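Enquirer: How does the following fold in three dimensions:
(3 chains)
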Amino acid sequence: MIDWLHWLNLAGVAVCAISGTLMAYQKRMDGFGVVVLASVTAIGGGTLRDMVLDLPVFWVADTDYLYTTLIAAFIPVVWLRISPRFPFHYLLIADAFGLALFNVVGIEKTLANDGGMAVAIAMGTITGVFGGLLRDVICREVPLVLSGELYAITCIVGGFAYALCYHLALATELCAIISLATTVVLRLAAMRWHWQLPVFHSETT
Amino acid sequence: MIDWLHWLNLAGVAVCAISGTLMAYQKRMDGFGVVVLASVTAIGGGTLRDMVLDLPVFWVADTDYLYTTLIAAFIPVVWLRISPRFPFHYLLIADAFGLALFNVVGIEKTLANDGGMAVAIAMGTITGVFGGLLRDVICREVPLVLSGELYAITCIVGGFAYALCYHLALATELCAIISLATTVVLRLAAMRWHWQLPVFHSETT
Amino acid sequence: MIDWLHWLNLAGVAVCAISGTLMAYQKRMDGFGVVVLASVTAIGGGTLRDMVLDLPVFWVADTDYLYTTLIAAFIPVVWLRISPRFPFHYLLIADAFGLALFNVVGIEKTLANDGGMAVAIAMGTITGVFGGLLRDVICREVPLVLSGELYAITCIVGGFAYALCYHLALATELCAIISLATTVVLRLAAMRWHWQLPVFHSETT
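Expert: Next comes the predicted model:
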């Protein structure tokens, strides 16, 4: 179980590092911009989670994450030198998986360290969303999580799915898989049909 | 005393959450934008304070703060659906109280954990100001604390008032009340008469 | 050795505080803008480093840093009241020294607390770069580290120089001096000849 999470976490880190590099590409940054944006996107959320929970920060404790980030950051650099086209569409799908995975990792890490379920759901969302938020703030973009389609809400719903399974006393693996699936499906559906969650009346009302 | 601070702290969190929601309203964000901005404004300053002091983060240790933030965040949502007018004027007054209160909470928490007075004044200011700073940076606004009327300076003056009372060996409650009153009065006066603190000569000199 | 680093660290803090104040001057901020920007630039990087490594934050443990920041922040204020001209050229050279020094401090602090070399190089870069990154984000500038000349890359190269000396079992002082010199020379050369590190093909290719 721990190994399974570890590998999926590495995959999430790699996907987010690639998304950071692509943002640096769109902004025409230099080599260090790539490293900064890729790192911030990939490990920013988990770093904040571990600092708030007062745990050893994951990439300090296990440098695999650092190497994964750096290697993944340069995949799009090499790719874009060979071919000018990058499969952005697949990337968004992979990003949905990364979001869902970071969410589950955040929830499980909080529960394993005696945090309550409300804190765990908040931590899952922070882990999933904060890296991308930092990336957008540094690039002076309107943060995607704030104004676009359903994004972070999918983490929260995935968190509630986890809590439900947890209170039904399902196995941890099953809780994780159901939460993952809920977040991914909801996110993909939101992308496909441009779901939004308006809470204020529009000006015309 | 501890209970008294706890309730006032909850009130400060609620006021800041409401101010975050109103910013999200002005920026026409969706439901999650509301949750993010309200949370960041309400608990951002205290989170940084607790991480820097290496204490358990207050909303992880006591989930009351998390629930208060979420409930307060949706007060303006419901209010604005019923009536298009929101009492912004009262909110600014409440915000001044929130600022002063976070300041005192930051000072007392630092002193209670063996920090010196200089660190305590810095922590009080961080607790009061950092949440609003994050809110403005995420929304790509010019941070209010940097360019507007006297804002964070009122925290520092309130901190010096606390330090003065403390060195006169007054009771902790009295120190807190005098510091609170100093900050609130100074902030309200600065809003009323648009006090500023220029330190550079203007271009015309 | 420790004393030597302590004094150089204070010098680095002072230089960065001055650079923060000058940014506040260019943005025509008030007195608190000066304090905020100077503090963020001077102690932001080290604060993040200490929080990630879970060490006592340096300016909480030793308030000398706090006083140094405040005093240094007001040097340009006084200077600019006396003379409208500020030696910006010397400041950039001093800034290169500050960057190199923070880099070495970050590396040594990580190694002294049982971090690996990869983490140490990352921490050196974070210590050197993060304060200026925060300053630019708060001021809504395009962060210098992301789009300008070689900047953070010089920290990474300096970190590799340190690692090389370390593996050759040179004395700690020698490692520090060689790393410092590498970063400073590279940074000054990059400023002088506008070196960049493009990684993406430009549009015309």
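Enquirer: which element follows the one helix or strand in chain A whose mean pLDDT sits lowest toward the C-terminus?
Expert: Lowest on mean pLDDT, DSSP states H and E among the helices and strands of chain A sits helix A:144-147, with a mean of 64. Per DSSP states H and E, the first helix or strand lying C-terminal to helix A:144-147 is helix A:152-167.
Enquirer: Name the residues that touch that next one?
Expert: A:99-100, A:103-104, A:107, A:111, A:117, A:120-121, A:124-125, A:128-129, A:145, A:174-176, A:178-180, A:182-183, A:186-187, A:190, A:197, B:31-32, B:35-36 (Cβ atoms under 8 Å, 6 or more residues apart in numbering or on different chains). For the C-beta atoms, the positions are set from N, CA and C on the backbone; glycine is no exception.
Enquirer: of those, list those near chain C.
Expert: Restricting these to those touching chain C (Cβ under 8 Å from any Cβ of the partner chain) yields no residues.
Enquirer: If you drop the residues flanking it in sequence, what lies closest to A:Leu180?
Expert: A:Ala100 (4.7 Å; Cβ to Cβ, 6 or more residues apart in numbering or on different chains).
Enquirer: Enumerate the positions of the helix or strand where A:Met51 lies that are buried.
Expert: A:Met51 belongs to helix A:31-52 when elements are defined using DSSP H and E. Of all the residues in helix A:31-52, those buried under the rule 16 or more other Cβ atoms under 10 Å in any protein chain shown are A:31-52.
Enquirer: gap between A:Pro84 and A:Tyr25?
Expert: Counting by Cβ to Cβ, to the nearest Å, the gap from A:Pro84 to A:Tyr25 is 11 Å.
Enquirer: out of the two, which sits in the more crowded spot?
Expert: Shown here are A:Pro84 and A:Tyr25; by other Cβ atoms under 10 Å in any protein chain shown, A:Tyr25 has more neighbours (18 against 9).
Enquirer: how near is the residue nearest to A:Trp195 when sequence neighbours are not counted to A:Leu188?
Expert: Spatially, and ignoring its direct neighbours in sequence, A:Trp195 is nearest to A:Leu150 (5.0 Å; Cβ to Cβ, 6+ apart). To A:Leu188, A:Leu150 is 10 Å away according to Cβ to Cβ.
Enquirer: Kindly report the same for A:Val52.
Expert: For A:Val52 relative to A:Leu188 (Cβ to Cβ), the value is 29 Å.
Enquirer: Show me which residues of chain A sit near chain C.
Expert: Residues of chain A lying near chain C (Cβ under 8 Å from any Cβ): A:24-25, A:27-37, A:47, A:51, A:54, A:56-57, A:59-60, A:63, A:66-67, A:77, A:80-81, A:137-138, A:140.
Enquirer: mind running it again at 6 Å?
Expert: A:25, A:29-34, A:51, A:57, A:60, A:63, A:66, A:77 (Cβ under 6 Å from any Cβ of the partner chain).
Enquirer: And those residues, which is closest to chain B?
Expert: A:Met51 (5.3 Å; Cβ to the nearest Cβ).
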